[in-house]
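Student: Sequence and predicted structure, then a few things I'm wondering about:
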Amino acid sequence: MTDRRGAVIAIAGMTAPAFLTSARAATYTAGTAPDRLTRAILGERFTPVHKRLVPGADFAAILREAIPTVIERNFARLDSAGVAVLLGGFSRGELHLLANTYANALGGSRPGRLLDVLAMRMGGKELAQLSPFFGFSPVYEASWRSAPEKTQEFLEHANPNDVAPVPEAVYSPIKNVRYVTGGRFIKTFTPNLDMTLRQIYTGFRTSVVGGLSVKAALYETTVYASKPLQFAFYGGLAVGTGISMLMQEFAPSLHTSIGAGIYTIVETLTNTSTYSNLIAGAAQAECATYFSMGSVATTIAETGGDYGVCSAWYFSLGGGSGGSCSRSGTCPVVDGL
């Protein structure tokens, strides 16, 4: 684990692949999507993770089941320009994290759809840039299935020796658990805070709003992870340490500026999350200043935060108690974590 972490930290400092970043992004819905797969993904009934949690729920297991769908829906919403913009902001370390998180969470439970969506949105040369992270064979197969006209260009630029991520063995062989919703039994996996935080971060980093910046995704991960209902069995010190490690990997300058203050931030968010929207919102807004998000902070405040995580912040700044954009508004209604 340590060796792998060290490798990811080293990779994170390298130059990101040359995805286009200048085009304007647009978002799709189930009604406006240009292809059958996108319509299917966005048309599926999906219950956000936070709505499935009740006392005693296995948060880590619920998140693991949901995160592949969250990632697929996030990318399915974007057109070709939007995908280019989003991936253009990813470091190599984040691309490795995206591929590994998706593969580990999917774990062979069903066929993945992410690469098929990306094959329809990206050119063959750009798809070849995903090969070192997702593996040559999975990207090639997705291209052949969903965008065969791009396969030749992919082959001209891809390395056939690129290996796909191998899902980690995280399932317990003896314990079974019933999900809070759905009513089906599955094998649960041993809770792992590092893995869980990475899944949450990936969900926010790929989202329509949270994906605007690394700092915003880290901030929203911190707010989400600080809720006592979800992480009571870990404790504030463990959560603070996990967030600190994410910062060191993906935002080292931010880690330098915040330092040990991350533990105070987590403690503040945890201690105030059960209070009124005004008190919780004031705490969220205060803690947001440490993340130096600039204009992204305004976006999160106006939308109530991705997935409603920062709805209290939105309320304290004069917004409504719901903390999300109306369907007739200009900002997206995001359903995810």
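Tutor: That came in fine, so what should we check first?
Student: Return the helix or strand in this protein with minimum mean pLDDT.
Tutor: For the chain, using mean pLDDT, DSSP states H and E, the weakest element among its helices and strands is helix 2-12, scoring a mean of 29.
Student: what about this protein, any weak spots by pLDDT?
Tutor: 1-26, 55, 167-192, 208-212, 228-235, 303-304, 306-308, 320-336 (pLDDT under 70).
Student: biggest helix in it by residues?
Tutor: helix 59-76 (DSSP state H).
Student: Only the C-alpha atoms, please, for it, written as PDB.
Tutor: Extracted in PDB, the C-alpha atoms of helix 59-76 (Å, rounded to 0.1, in the frame of the first residue of the first chain):
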ATOM      1  CA  PHE A  59     -22.100   3.600   4.700                       C
ATOM      2  CA  ALA A  60     -19.000   2.300   3.100                       C
ATOM      3  CA  ALA A  61     -20.800  -0.600   1.400                       C
ATOM      4  CA  ILE A  62     -23.600   1.700   0.100                       C
ATOM      5  CA  LEU A  63     -21.000   4.200  -1.200                       C
ATOM      6  CA  ARG A  64     -19.100   1.400  -2.900                       C
ATOM      7  CA  GLU A  65     -22.200   0.200  -4.700                       C
ATOM      8  CA  ALA A  66     -23.200   3.700  -5.800                       C
ATOM      9  CA  ILE A  67     -19.900   5.300  -6.900                       C
ATOM     10  CA  PRO A  68     -19.600   3.600 -10.300                       C
ATOM     11  CA  THR A  69     -23.100   4.900 -11.200                       C
ATOM     12  CA  VAL A  70     -22.200   8.300  -9.800                       C
ATOM     13  CA  ILE A  71     -19.100   8.500 -12.000                       C
ATOM     14  CA  GLU A  72     -20.900   7.200 -15.100                       C
ATOM     15  CA  ARG A  73     -23.700   9.800 -14.600                       C
ATOM     16  CA  ASN A  74     -21.300  12.600 -14.100                       C
ATOM     17  CA  PHE A  75     -19.500  11.900 -17.400                       C
ATOM     18  CA  ALA A  76     -22.700  11.000 -19.300                       C
END
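Student: now it, how far from the centre of its chain.
Tutor: Centroid displacement of helix 59-76 relative to its chain, using C-alpha atoms, centre = their mean, to the nearest Å, is 8 Å.
Student: So which elements touch it?
Tutor: helix 36-43, helix 92-106, helix 114-121, strand 185-189, helix 193-205 (3 or more C-beta pairs under 8 Å, 6 or more residues apart in numbering; DSSP states H and E). All C-beta spots, glycine's among them, are computed from the backbone N, C-alpha and C.
Student: report the angle between the axes of the first one and helix 114-121?
Tutor: Relative orientation of helix 36-43 with respect to helix 114-121: 120 degrees, computed using axes from the mean of the first three to the mean of the last three C-alpha atoms, to 10 degrees.
Student: between the helices and strands packed on helix 59-76, which one is nearest to Asp162?
Tutor: Nearest to Asp162 among those is helix 92-106 (10.6 Å), distances taken as C-beta to C-beta.
Student: other SSEs contacting that closest one?
Tutor: helix 2-12, helix 59-76, helix 131-134, helix 193-205, helix 236-250.
Student: one more time with 10 Å, if that's ok
Tutor: helix 2-12, helix 59-76, helix 80-88, helix 114-121, helix 131-134, helix 193-205, helix 236-250 (3 or more C-beta pairs under 10 Å, 6 or more residues apart in numbering; DSSP states H and E).
Student: Adding mean neighbour count and distance to Pro165 as columns, could you present those in a markdown table?
Tutor: A markdown table is the format used below for those (neighbours: other C-beta atoms under 10 Å; distance: least, C-beta to C-beta, whole Å):
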| stretch | mean neighbour count | distance to Pro165 |
| --- | --- | --- |
| helix 2-12 | 13 | 11 |
| helix 59-76 | 23 | 13 |
| helix 80-88 | 20 | 17 |
| helix 114-121 | 24 | 12 |
| helix 131-134 | 22 | 7 |
| helix 193-205 | 24 | 13 |
| helix 236-250 | 20 | 17 |
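Student: Can you add distance to Ala217 and give the ones you listed back as JSON lines?
Tutor: Formatted as JSON lines, the helices and strands packed on helix 92-106 follow (distance: least, C-beta to C-beta, whole Å):
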{"stretch": "helix 2-12", "distance to Ala217": "14"}
{"stretch": "helix 59-76", "distance to Ala217": "12"}
{"stretch": "helix 80-88", "distance to Ala217": "12"}
{"stretch": "helix 114-121", "distance to Ala217": "18"}
{"stretch": "helix 131-134", "distance to Ala217": "18"}
{"stretch": "helix 193-205", "distance to Ala217": "4"}
{"stretch": "helix 236-250", "distance to Ala217": "8"}
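Student: Out of the ones you listed, which gets nearest to Arg52?
Tutor: helix 59-76 (5.5 Å).
Student: now the angle from the closest one to helix 92-106?
Tutor: Orientation check (the same axes, to 10 degrees): helix 59-76 against helix 92-106 gives 120 degrees.
Student: Tell me how far the residue nearest to Ala301 when sequence neighbours are not counted lies from Ala288.
Tutor: Nearest residue to Ala301, sequence neighbours excluded (C-beta to C-beta, 6 or more residues apart in numbering): Leu317, at 5.1 Å. Note on Leu317: its distance to Ala288, by C-beta to C-beta, to the nearest Å, is 11 Å.
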